[in-house]
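Visitor: What follows is a predicted structure for the sequence shown.
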Amino acid sequence: MICCECQCFFIVLAEERNVSRAAERLLLSQPAVSRALQRLRDMFHDDLLIRAASGYELTPQGQRLLGELEVMLPKLDRLLSGSNFDPATEQATFRIAVTDNAAAVLAPLLCRNVLPGAKKVRIDFLPWHSGVYDQLAHGRIDLAMAASIVDVPPPLQSQMIYNEDFLCAVDAKSPYKHTLTIGQYIKAEHISIAIQSGIQVVPDKPLAAKGYKRRIAMQLPYHEAAIRCVPGTHYIATVPRRFVEGATPNPSIRFLKPPPEVSSFRYVMTWHPRVNTDAAHTWLRQTMRQLGASLSR
């Protein structure tokens, strides 16, 4: 492992590209800086810095090392000082598992309201699947987004971001009126969006608790695909309202209010408690809460 002292030597040398100037900044003799550079060369089996007409130049390995240190050192400083994460100056990549619904609602808000000021931050949205919580437990992703009714295994923690309700997509020529009754809803055939354990957790779990079960004609992994299946059919696709509001209007589709038995739900973010005090992850969770609050205004 490269020691902190050697890291500082290399950063200063890479910035100055001159042993004399680097020695002045480090308050060391030129021979001491040269010895430090040699130790680094021995450690990495590479010259790292080579002489050129205008001073030293970084080798490809030296450039890679500098890039890694520029990411790692601010994080180390933050750990030692307990300071907050600064997305404008510190690099970070966050991986968030979502359905297409959450991506459609949250990604535009991040692009417009967060990322322009968070110059060093990258956010990768990953598709939801059955192993999401296992990935969360093993640190392969940073957050998972789902309805609060989705089963979350311990010790994972969750917090609400925003409330959501449903609309029912039907063919534009459908005989249904503005609001469906529970009788019409249960009698109809449905396009379902599989979220967990092969079901659309909401509305299916709350309906099952009330003694109702939908008739599923087709199951899909995406809300957008489910909506596109509706025109020219008698099927119903039950989809989140905010997902519909952000979509391009389609004259071949009408959106109806679901029966009162199809209740609203809370959308939550879930994470592992080991990152509770991590400054970067704290910033991420706070950002998501703020975006959720903006949806409720």
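Guide: Okay, I see it.
Visitor: Please identify the buried residues of stretch 116-128?
Guide: Using 16 or more other C-beta atoms under 10 Å as the burial criterion, the residues of stretch 116-128 that qualify are Ala118, Val121, Ile123, Phe125, Leu126, Trp128. Backbone N, C-alpha and C define where each C-beta goes, glycine included.
Visitor: Please enumerate the strands of the stretch 151-297 of the chain.
Guide: Secondary structure of the stretch 151-297 of the chain (DSSP state E, counting those that start in this stretch): strands located at 157-164, 166-171, 189-193, 215-220, 236-240, 253-256, 265-271.
Visitor: what's the spacing between the shortest one and its chain's center?
Guide: Mean C-alpha position of strand 253-256 versus that of the full chain (C-alpha atoms, centre = their mean, to the nearest Å) differs by 30 Å.
Visitor: and that strand, what does it pack onto?
Guide: Using 3 or more C-beta pairs under 8 Å, 6 or more residues apart in numbering; DSSP states H and E, the elements in contact with strand 253-256 are strand 166-171.
Visitor: Domain-wise, how is this structure divided?
Guide: Taking automatic domain parsing as the reference, the chain has its domains at 4-81, 92-163+266-295, 166-263.
Visitor: now do the same end-to-end measure for the second one.
Guide: Terminal residues of domain 92-163+266-295 are spaced 25 Å apart (C-alpha to C-alpha, to the nearest Å).
Visitor: Identify the residues contacting stretch 46-65?
Guide: Phe10, Leu13, Ala14, Glu16, Arg17, Asn18, Val19, Leu37, Leu40, Arg41, Phe44, Leu66 (C-beta atoms under 8 Å, 6 or more residues apart in numbering).
Visitor: got the contact list for the fourth one?
Guide: In other words, Glu16. Ala22, Arg25, Gly55.
Visitor: Filter the residues you listed down to the buried ones, ChimeraX style.
Guide: Buried residues among the contacts of Glu16 (16+ other C-beta under 10 Å), as a ChimeraX selection:
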select :22
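Visitor: Out of the contacts of Glu16, which sit inside strands?
Guide: Counting by DSSP state E, the part of the contacts of Glu16 found in strands is Gly55.
Visitor: Turn the contacts of Glu16 into CSV, including pLDDT and distance to Lys173.
Guide: Listed next are those as CSV, based on pLDDT from 0 to 100; distance: C-beta to C-beta, whole Å:
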residue, pLDDT, distance to Lys173
Ala22, 81, 76
Arg25, 76, 76
Gly55, 77, 75
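Visitor: In this protein, where is pLDDT below threshold?
Guide: 1-7, 70-83, 297 (pLDDT under 70).
Visitor: just the contacts of Glu16 now: which is nearest Met288?
Guide: Closest approach to Met288 among the contacts of Glu16 (C-beta to C-beta): Arg25, at 40.9 Å.
Visitor: That closest one touches Leu13, doesn't it?
Guide: No: taking contacts as C-beta atoms under 8 Å, Arg25 lies outside contact range of Leu13: 9.5 Å.
Visitor: Kindly list the main-chain dihedrals of the spatially most central residue of the chain?
Guide: Centroid-nearest residue in the chain, with C-alpha atoms, centre = their mean: Ile96, separated by 2.5 Å. Note on Ile96: its backbone torsions stand at phi -130, psi 120 [degrees, to the nearest 10].
Visitor: which residues sit in contact with the closest residue to Ala88 other than its chain neighbours?
Guide: Leaving aside its chain neighbours, Ala88 sits nearest to Lys119 (5.4 Å; criterion: C-beta to C-beta, 6 or more residues apart in numbering). Residues near Lys119 by C-beta under 8 Å, 6+ apart: Pro87, Ala88, Thr89.
Visitor: buried subset of those residues?
Guide: Pro87.
Visitor: if you look at the contacts of Lys119, which of them are in strands?
Guide: Checked against DSSP E, the contacts of Lys119 include nothing in strands.
Visitor: Please, where are all the helices along the stretch 101-250 of the chain?
Guide: Per DSSP state H, counting those that start in this stretch, the stretch 101-250 of the chain carries helices over the ranges 132-137, 182-187, 201-209, 223-228, 241-245.
Visitor: And the fourth one, what's buried?
Guide: Neighbour-count burial for helix 223-228, with 16+ other C-beta under 10 Å as criterion, is recorded at His223, Ala226, Ile227, Arg228.
Visitor: from those, which single one is nearest Arg254?
Guide: Ile227 (11.3 Å).
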